[in-house]
Every structure is written in structure tokens, then in C-alpha cells.
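*Asks:* Structure here, sequence nowhere to be found:
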RNA sequence: UGCCGGGUCGUCUAAGGGUAAGACCGCGGCCUUUGGAGCCGUUAAUGGUGGUUCGAAUCCUCCCCCGGCAGCCA
């Protein structure tokens, strides 16, 4: 794995681990786990947890398991399992032979449940779902005991076995722990630990018709795997007493649960429920839509594992609810891409430019460096000719001050080529738009040549018109137009904040070498941004590019400020 | 207001009784054959009270604000 850019910082979880180590807990082992439920695709929020768990294991010379918490067959699918495995691997982590499934432990979990029943600490309850809710009490009032709470042990065991045997329909009975219906923590009010679900499980098929609840399963999974530190998010804080209760009652190995704040990211949503909604309502093209904050979406967008890892480390680990700034993610993205992305020229909004004093039909091959940040990236040859395309926005008929690109009478450098001077331009009679720009060039000014160091203020990218190839370019922008999409006016939901301009498709003219760009390749389009060959729709000879991120644009900033001032 | 957990620059995270620090963002400058990158500089914070102390973000009091919890979801 590549070295991380940021110095690993300390945080409260490391302090807990250090303290545990200091007193010799767990024979000085450190063993963590990443325990996703396969009911959706992984997103950047999961990345934070993955990075945390795997890095902790690495830093402390320990282990980290990948474990699927597949205890609810109704929501879980094989497709999700596969995508999760792919994503964790892509992020750069290795669980070696420790890929586990909660469903592998179903038999063991069942035995332990019988043990709890036999100990008189669990009972079969015949109350309906509604009744259980009613008996539970409220946040401020205690609940009351189920009428089945004092069922004798042998009756409980018999009933529980019959539940497993499939004698009862869904929802008719549950197994519950016998704790305290007046407990101030609602999780301790005789929580359900098994429910009847005649559903086919992606891995165990129809072998089971009762399935363990999270609280029962999770701690036991951790215990079975001898996890030392079980990291989870803040909403499980209230579950810790129950986590501990089960393990203590059973007398089994007890890992330590530690809760930290989940990641939130500005300008997007990070909840599987909402992401699923975007997918199902076709507001995006799928889980891997490049606008999605899913790992697969970001991969397709052109993000790198290093960028995601560095970001995940940088946001830190604490217990405060937070919304991390998308700008920080993009900072690490650009930092990585700047180092590794080959530079190429692509004109997104082309306008034709004719160099009147250049020999007609001549093609000249020019040498261009592939990455000024990395000499080892080498050079390539690009064709130059009398007619080229430049960006429409790089030309103004009437520039305002500070515009140092092309306008009548003005000289600019064509990157890797010559200095040209604008002599005139032609407008389209119909639209009034500039149709063609006429220039002359200085033959002495070729890059690398004798008079090449002549100073001109602006440098433009370009492509030779006869050699350029057209390419579809997808300009992606943030999915939501407000920093916190969950804050909405009365009666609206988060979709109200969707950015209607999050995707703009156009046809660019790109340098010929890009014709055979292959899936997943990342480039910097000079002066425009970072782009990635789309892994789904791109075809050899007809490349499609996704904009990963625009370059930082100080010119855009100047323009914004001037507009503000003139208002 | 039953229980649990949180409040430090715009954002995220440090400082663990001794000068409130760093990163991102923003702003200004230098540099530049990418208005990119890089370099330099800079703005900006301890929720409020009262107390302990030579000294409080840190310890104590009271208050305020925010989040989570009443699935046979995880």
C-alpha cells in the first residue's frame, strides 16, 4: 500500500487502546473488524470506518476482519456482498483469510440462546408486535412485564425449539431477554433476541426461519472472533449496556465496544436509506453513478483510494456530530491526481482558430511533457496545423482588465507550440456568436526554440482541428446545491435540495492520442480539470470522460468578484 | 425534558491546570509556457454563569444549545 500523506494522529480510541495495552489486556492483542450489513453499497462514510479499523490493526500490529452482519435476510442481497468486498479491496485493505459472516455463526448463536433460556434469562413471548410496543412504555414511563415473562424454563425451551422447527408463522412469537421492563434505557426492557422470519437467506437459504437480532448477534460475533475493540457509531451507545449484559450473562469473552461519530459530508447525503431512494427513483443512474458518494460511484468518477484514505484519516475520530467539508475531500483528490494524472489537451467548448500565415496542409509534430510534476512520465508527440480549436471562453471580443487570454490585437502562447496574435474574427450572422478567429503566429517562438522564452501573459490549450477526435464529456457537479441537504422547508424532503445541474454532457474535441483511452484511466485536461474514462459506457475509439474535479480556478474567482463589485 | 452522548476558528481536529495549535476553506502576495501546481503571508474560536487556583478550554456549580434512543432494522 502507498504511504499515507498525513501523519497519523492520535485520537481517543488510540488512547483507550494504549491504556488497555498498558494494563496488559487481551494478551496485548489488537483485533478489530469492519462489520457491514450487506443491504446497500458502501459509501465514503463507511470508508472512514474501514480506514479506522484496518489502520488501527496495522499500527498496533494486530488484525482486522471483514465480517458481514447478515442477520436480516429480508434486506440483504448477494449483490451487496460482492460490491462490498470489491470496494474494501479497492480501498487498499486486506483481511487475508478472515472473511466472516454472521450467518456462519447461526448455529452457535442458537446454542447460546438456549443457554440463556436454560439460565432463566430469556423467555418466549407470544405478544404481537403492537403489544410489545405498548408494553415497552415510553421514554418517560416504565414498561410493564409481558404476561409470558414467567413462563417456566422447560416451556420456553420447548417453544423456542418449535420456533426453530418452523411450527409458527412470522410474527407470532419472539425470544426475549429477561432484564428489566422499568429500565431507563429502553434497550434493556426485555429486548427481542430472535424473531421468526420465513425468508430465504442469501447464504443459508431456507435452513433457518428464526433470525437473531443485532444486539444478540453482534456482540457474540465479536466475542467469537476474539475482537478486542469493537468500534461502532454513536447511535449504538445506548446499546452498549445490552452488549455487555449478554456477554456477561453468557460468561464468554467480552470485547470492548467503543463508539465514535459517523462521517457526514457537505453537499451530499450519507444514509443507505436515502441513497437507495435516489437509486430507486432513478434520480441517479445507479449506485455507481459518478455523483453518488458511494465508493463505487467515486471510483467511477475518478477518485483514487489514496485520496479517500488520506481524507478519512484527516477528518479525525471523535464523538462530536460533524459535517466534514467536501472541499477537504477534493483537496486530497487533487493532491493525488496532480501527482499521477498525465496531462493532455481537450477543448470542451471548441471554437475554430485559423493561423493565416501557417503553411496550408502542413502537420508538425510537437513534443509535450506528460506531467510537469513528474519527469518520469515522459513526453508525447502531438500534431499541430493551420486550423485548431481553442476554448470559446478563452477568446473575448472586448476583454475587461485582467483578462489575459486572447482578444483582437493580443498575443498568447499556445501550450507546447507557438505564440500567436489575434488579427480578426468572424461572427455568425444568425447567432452573433464568434464563428472563427484569425491569427498569425511567430515561427521563432516554438516551444523549446530560440525565441521561445519571450514572455506573454496567457497560455491556451488547443487541439489541431483536422486531427482532433470528438469525445463525450460528462461534467459532474455536486449532487445537492446546499451544504446540508437534510435541512429543508416544511413539507419537503432532502430531494428538494438536489442540484438540477449536477450533470452536463457535451462533446469535446480531444487530442488524437486519447482515442484509445481505456476504462478507468485518469487524465488532467490542461487548464480544465481531472477526468476519468468512464468504466461503464466508454468504448475504444469513442471514449467518454467523466469530470472527476475541476482545477482550482482563480480566474473564475476574479470574475465572480468583479461581478459582485459591478452590482 | 426519562436515559445516554456532545458543544474550541466558516469546517474538521489538537491542546489532558501553564503562550489556544494544525489542516481545509477564505483573503493577500510571489512564482509560473496550465489564471493548475508550488512557495510565503494572513483573517478567524474555547456556548453562558458563578466558583476553586498564582494561573482554567481543561476541575467544580447552575444554566443554555445540539444529537441519539420507544423496529420482531442494523
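*Replies:* All right, it came through fine. Remember, predicted model here, so these are calculated numbers, not experimental data.

*Asks:* Check whether residue A:209 really touches residue A:166, as I assumed.
*Replies:* Yes - Residue A:209 is within contact range of residue A:166, at 4.7 Å (criterion: C-beta atoms under 8 Å). For the C-beta atoms, the positions are set from N, CA and C on the backbone; glycine is no exception.

*Asks:* Looking at the two, which has the bigger crowd around it?
*Replies:* Between residue A:209 and residue A:166, counting by other C-beta atoms under 10 Å, residue A:209 is the more crowded of the two (21 against 13).

*Asks:* Which phi and psi values does the more buried one adopt?
*Replies:* Phi and psi for residue A:209, reported as degrees, to the nearest 10, are phi -130, psi 0.

*Asks:* and if you look at the one 10 residues further on?
*Replies:* Main-chain dihedrals, residue A:219, degrees, to the nearest 10: phi -60, psi -40.

*Asks:* Which helix or strand contains residue A:332?
*Replies:* For residue A:332, the host element (DSSP states H and E) is helix A:326-340.

*Asks:* Now that helix: buried residues?
*Replies:* A:326, A:329, A:330, A:331, A:332, A:333, A:334, A:336, A:337 (16 or more other C-beta atoms under 10 Å).

*Asks:* Are there residues contacting both of residue A:209 and residue A:166? Which ones?
*Replies:* Both residue A:209 and residue A:166 are in contact with residue A:198, where contact means C-beta atoms under 8 Å, 6 or more residues apart in numbering.

*Asks:* how about the strands of the stretch 401-550 of chain A, start to end?
*Replies:* A:411-414, A:419-427, A:434-442, A:459-460, A:463-464, A:469-476, A:503-510, A:522-525, A:529-533, A:544-550 (DSSP state E, counting those that start in this stretch).

*Asks:* Let me know the average pLDDT across the last one.
*Replies:* Averaging pLDDT along strand A:544-550 gives 98.

*Asks:* And the second one, by the same measure?
*Replies:* Confidence for strand A:419-427, expressed as mean pLDDT, is 97.

*Asks:* how about residue A:105, secondary structure?
*Replies:* helix (DSSP: H, G, I helix; E, B strand; the rest coil).

*Asks:* and what of residue A:41?
*Replies:* coil.

*Asks:* OK, contacts around it?
*Replies:* A:80, A:83, A:84, A:87, A:272, A:275, A:287, A:288, A:294, A:295, A:296 are the contacts of residue A:41 under C-beta under 8 Å, 6+ apart.

*Asks:* now swap in residue A:91 and tell me
*Replies:* By C-beta under 8 Å, 6+ apart, the neighbours of residue A:91 are A:47, A:50, A:51, A:295, A:305, A:308, A:309.

*Asks:* Repeat that for residue A:122.
*Replies:* Counting by C-beta under 8 Å, 6+ apart, residue A:122 has contacts A:113, A:116, A:156, A:175, A:176, A:177, A:178, A:193.

*Asks:* Buried among the residues you listed? Make that a PyMOL selection.
*Replies:* To isolate the buried members of those in PyMOL, using 16+ other C-beta under 10 Å:
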select buried, chain A and resi 113+116+156+175+176+177+178+193
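
*Asks:* what would the contacts of residue A:122 look like in CSV with distance to residue A:396 and pLDDT?
*Replies:* Shown next, in CSV, are the contacts of residue A:122 (distance: C-beta to C-beta, whole Å; pLDDT from 0 to 100):
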residue, distance to residue A:396, pLDDT
A:113, 75, 98
A:116, 78, 98
A:156, 83, 98
A:175, 75, 98
A:176, 75, 98
A:177, 74, 98
A:178, 79, 98
A:193, 71, 98
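
*Asks:* Of the contacts of residue A:122, which belong to strands?
*Replies:* When those are checked against strands (DSSP state E), the matches are A:175, A:176, A:177, A:193.

*Asks:* what's the nearest residue to the last one if we skip its chain neighbours?
*Replies:* On the basis of C-beta to C-beta, 6 or more residues apart in numbering, the spatially nearest residue to residue A:193 that is not a chain neighbour turns out to be residue A:216, at 4.0 Å.
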